[in-house]
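Student: Quick one, what's the 3D model for this:
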Amino acid sequence: MSLSDTTLIAQFVSGNSNSFSVLLDRYQKRVYGFIFSKLNDPNLAEDIFQETFIKVIKNLRMGNYKDEGRFLSWVIRIAHNLIMDHYRKINRLPKHESKIENFDVLDRLVEKNSSVEESLIKTQIHADLSLLIEELPDSQKEVLRMRLFQDMSFKDIGDYTGVSINTALGRMRYAVINLRKMIEDRNLIFTQ
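Tutor: Okay, here's the model as predicted:
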């Protein structure tokens, strides 16, 4: 029986460092995947990944995590903030071009002529949408990332994942349906 995140966190805070290793094993692929999808640079992604978990450890030890059963979302938010800090340091923000009309919110995170308020809203929308994408089933998330962030064709996605084009299309369709349902269920608004 695997222990809950809450139990593992409590054990870690009490001094059991093995508990954190279990948490890290549980979430490292998802967190690294999120970071890599924003940076498309494996070395930089690894640096941000390590920085993320250093910050997680520090915050847990200082008692800054309030358990709401959303440990992964909290870690993703830390990673997102570190990514944004990185782009601020180099004085530019990332651009994700998309050919899917339903994902125009990902087309450009911040436009050069937008106001500070618009930029902050777009940044928050992108962060919220990224968190929702993390909740999708792995097969849907994989197709969505390959299509949006790596600009792969459905044929290439099918070849890479070992499924037919129709299966890849179906996974993308269900990913979009699931995202819309999560947005609706949570009463989220993704417009300015």
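Student: counting contacts, what elements does the helix or strand hosting residue 173 pack onto?
Tutor: Assigned by DSSP states H and E, residue 173 belongs to helix 165-185. If contacts are counted by 3 or more CB pairs under 8 Å, 6 or more residues apart in numbering; DSSP states H and E, helix 165-185 sits against helix 116-134, helix 138-148, helix 154-161. For the C-beta atoms, the positions are set from N, CA and C on the backbone; glycine is no exception.
Student: Go through the last one and flag the buried ones.
Tutor: It stands for helix 154-161. 154, 157-158, 161 (16 or more other CB atoms under 10 Å).
Student: Taking the residues you listed together, which two end up most distant?
Tutor: 154 and 161 (10.4 Å; CB to CB).
Student: Need the residues touching each of those two.
Tutor: The contact sets of residue 154 and residue 161 overlap at residue 168 (CB atoms under 8 Å, 6 or more residues apart in numbering).
Student: Looking at the buried residues of helix 154-161, which one is closest to residue 2?
Tutor: Nearest to residue 2 among the buried residues of helix 154-161: residue 161, at 27.0 Å, using CB to CB.
Student: what distance separates the start and the end of stretch 62-71?
Tutor: Taking CA to CA, to the nearest Å as the measure, stretch 62-71 stretches 16 Å from start to finish.
Student: Residues touching that stretch, excluding its own?
Tutor: 5-6, 9, 13, 23, 27, 59, 74.
Student: Averaged pLDDT, it. What do you get?
Tutor: Mean pLDDT, computed over stretch 62-71, is 80.
Student: what's the answer for stretch 177-188, then?
Tutor: Mean predicted confidence for stretch 177-188 is 83.
Student: got the contact list for that stretch?
Tutor: 128-129, 132-133, 135-137, 140, 190.
Student: Among these, name the buried ones.
Tutor: Buried members of the contacts of stretch 177-188, counted by 16+ other CB under 10 Å: 128-129, 132-133, 136, 140, 190.
Student: Residue 170: which of the residues you listed is nearest?
Tutor: Using CB to CB, these come closest to residue 170 at residue 140, 9.4 Å.
Student: Give me the nearest residue to the closest one, chain neighbours excluded.
Tutor: Leaving aside its chain neighbours, residue 140 sits nearest to residue 175 (3.8 Å; criterion: CB to CB, 6 or more residues apart in numbering).
Student: how far does the longest helix belonging to the chain sit from the chain's center?
Tutor: The longest helix of the chain (DSSP state H) is helix 17-39. From the chain centre to the centre of helix 17-39 is a distance of 11 Å (CA atoms, centre = their mean, to the nearest Å).
Student: try stretch 70-86
Tutor: From the chain centre to the centre of stretch 70-86 is a distance of 8 Å (CA atoms, centre = their mean).
Student: now stretch 8-18
Tutor: 25 Å.
Student: Can you give me the buried ones in it?
Tutor: Residues 8-9, 11-12 are the ones in stretch 8-18 that count as buried (16+ other CB under 10 Å).
Student: separation between residue 69 and residue 128?
Tutor: According to CB to CB, to the nearest Å, residue 69 stands 18 Å off from residue 128.
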